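J.: sequence below, structure please.
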Amino acid sequence: MFVNLAAGRRVFTLLACLLLCGAVAFSAVSCVGGGDNSEAESPMSEVSLQEESEENMYAEFEAPDFSVIPPRPETETVKNRAVDVGLSYGTNALKKLELSATDGSMLAFGGNVYKNLSVIWENGIMYIDGQACNKACIRSEAPIALSSTGWSYEGEILLTCGRYGITVVNRVDIETYVKGVMSAEIGADGSFESRKAFSVICRTLVFVAKDHGEDFDLCNRNCCQSYRGTHHRDEINDKAVDETKGMVLTYNGTPCLVAYSSSHGYNSCSSFAAWVGADIPYLRVVRYENEPLDYGGRWEVTYTYEQLSKRLKNYTVTGQVKNVSVAETDPYGSSYVYRINITDTAGNVCEIKFGGNIMNVLGVRCANFTIENIPEGIIIHGIGNGHGVGYSQRGGHQMGVEGYSYEDILYFYFPGTVMSPCYDF
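T.: Numbers count the residues shown, from 1 in each chain. Prediction:
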C-alpha cells in the first residue's frame, strides 16, 4: 500500500472537486440593477497576461525540443504498488452483497474457501455467511464478481461494517487499476500513442484524486476516475499501460492535476477561465487546428426567452429574460467563454463567470461557444465537448495518427511538465 496517499494530494482536493464536479460557485455570480453592468476586473495579474502574448497563446504546435526535455526515467525498478478504490461507501453503502469466484476459482475468507459468499447488513451489524464481523478481506486467484456492480475485480475485496451499510473497497495493483480505468474512460478507440499518453494521465490522477474522507485512496466514480475492474478490458489499452509502467506527469517535482475532456474545439481553455480563477501554469491555452470534432464535438442549443426565464430564474430579478450575451472570453486568449451577461425586462443585469459555472447554468456541453440572437430567443453554437482544460482525447488521438509520440502529446498539452516514476511519491 502507499503510505498515506491521501495526505500527499490534499493540496489538490479543491481544484479536483471544481474540475470534476462542476459545481456552480456563488462567488462567480453578481447582479446589478438598472442595467448598470460595470466591467468586472479580472483577478488575473497584468504581469501574467503580458507574459502570455497573443502570438504565443495561439502558436501552432511544434514538436518539443528534446535537447531541453529531461530523458525519460528507467522503469525497470518500478515497484508494484496497491491502491484502495472505494466501490460503495457513505450513504451509498450496501445492505446486501453477493460475491462469487470467476474462472472456476474459489473465494478465500476466514481460513475457508467458497464459491459464493452472501453478505448482509442489519441493524448496524455485518454478517458474512451468517457470521457477524466488522471487517473482512476476500481473496481469489481470479477476479471476484460483485452483484452490486455486475463487474469483476482483480486483487482483494475489503468489506467494512459502517454506519449506513457495507463499505466495499477493491485493493488492487496500481497498474491493474489503470487498465480498469482505461476501459471505462477511453474505451477501445484512439491511436496507440494517445492511449499511452492517457495511461500516464490515469496513473497521475491517483495522486491528485478527490479526498473523500474515507478509508480508501479514491473512488470509482467520475469525481476521481471511472473504474470498472475487468469490464471491457482491451488488449491494446493493457499494452499501452505496460509500456508506460510506473510513469506519472509532474510539475516542479509534484504530480500534476492532469485534467482531460473529450475535445477542445481547436484550442484549450485555461484553468483560470474554467475554474474560479485557478491559474495553473501547465493548464494554459494551447491550440491544435487538426483536432477532430467527431463524438459530439460540434453542437448547438436553442432556447426561447420563455425557456431561458425558467432556466435562469435564480439569476434575474424579474424572472423575465430579455437577453443573454457573451461579455468576455478567456483572458489567456482561447475562444472559451469566461463571462456572460443576463439581462431581464426591468433592465437588471446579472453576470456569471467561469466556464464550469456557465456550462451548468446554460446546460451546454462546453463553454466554447457563440450566441446568435433570434426574435424569440437565442441559438448557442458550440465546438468542443467538456471543460476544455488540459488534455483533449480527440486531439491526442489525432496527434498519434500524425506520428507524434506519447511524450510529445503530453508535453504539448501540459507544457513545462516532465515524467517521473510514481514510486517517488
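
J.: is Y177 in a helix, a strand, or coil?
T.: For Y177, the assignment made with DSSP: H, G, I helix; E, B strand; the rest coil gives helix.

J.: would you confirm that it contacts Y227?
T.: Yes: counting by Cβ atoms under 8 Å, Y177 touches Y227, with 6.7 Å between them. Placement of C-beta: from N, CA and C, glycine included.

J.: so what sits against both of the two?
T.: Common contacts of Y177 and Y227 (Cβ atoms under 8 Å, 6 or more residues apart in numbering): V85.

J.: L94 touches V168, doesn't it?
T.: Yes: using Cβ under 8 Å, L94 is in contact with V168, at 6.5 Å.

J.: mutual contacts of those two, please.
T.: Common neighbours of L94 and V168 (Cβ under 8 Å, 6+ apart) are 88, 148.

J.: more neighbours, the two?
T.: Taking neighbours as other Cβ atoms under 10 Å, L94 and V168 compare with V168 leading, 27 against 22.

J.: hang on, that one packs against S88?
T.: Yes: here V168 reaches S88: they are 4.3 Å apart, a contact under Cβ under 8 Å.

J.: would you mind grabbing the residues shared as contacts by those two?
T.: 94, 148.

J.: which strands or helices does the strand or helix carrying V361 pack on?
T.: Assigned by DSSP states H and E, V361 belongs to helix 355-362. Judged by 3 or more Cβ pairs under 8 Å, 6 or more residues apart in numbering; DSSP states H and E, the packing partners of helix 355-362 are helix 271-274, strand 337-344.

J.: wait, a strand at T160?
T.: Yes: membership of T160 in a strand is supported by three-state DSSP.

J.: I'd like to know how far the closest residue to D279 other than its chain neighbours sits from L107.
T.: Leaving aside its sequence neighbours, D279 sits nearest to F272 (Cβ to Cβ, 6 or more residues apart in numbering; 4.4 Å). To L107, F272 is 50 Å away according to Cβ to Cβ, to the nearest Å.

J.: same question, P415
T.: 48 Å.

J.: these two: which is more packed in?
T.: L107 (22 against 14).

J.: test my guess that the more buried one contacts S118.
T.: No: between L107 and S118 there is no contact under Cβ under 8 Å: 11.3 Å.

J.: any chance of the helices and strands packed on helix 355-362 in TSV, with mean pLDDT and mean neighbour count too?
T.: TSV is the format used below for the helices and strands packed on helix 355-362 (pLDDT from 0 to 100; neighbours: other Cβ atoms under 10 Å):
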stretch	mean pLDDT	mean neighbour count
helix 271-274	96	29
strand 337-344	96	22
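
J.: distance to Y315 added to those, as TSV?
T.: As requested, the helices and strands packed on helix 355-362 are exported to TSV (distance: least, Cβ to Cβ, whole Å):
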stretch	distance to Y315
helix 271-274	19
strand 337-344	5
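
J.: now C161. Nearest residue, chain neighbours left out?
T.: C161 sits nearest to M126 (Cβ to Cβ, 6+ apart), 3.6 Å away.

J.: what strand or helix carries that neighbour?
T.: strand 125-128.

J.: now the next helix or strand after that strand: buried residues?
T.: Beyond strand 125-128 on the C-terminal side, the first helix or strand identified by DSSP H and E is strand 131-133. Applying a neighbour-count criterion of 16 or more other Cβ atoms under 10 Å, one finds C133 buried in strand 131-133.

J.: if I look at the residue nearest to D279, how far off is I144?
T.: 44 Å.

J.: now do N360
T.: 38 Å.

J.: give the residue from the two that has the larger number of neighbours.
T.: Using other Cβ under 10 Å as the criterion, N360 and I144 rank with I144 on top: 24 against 14.
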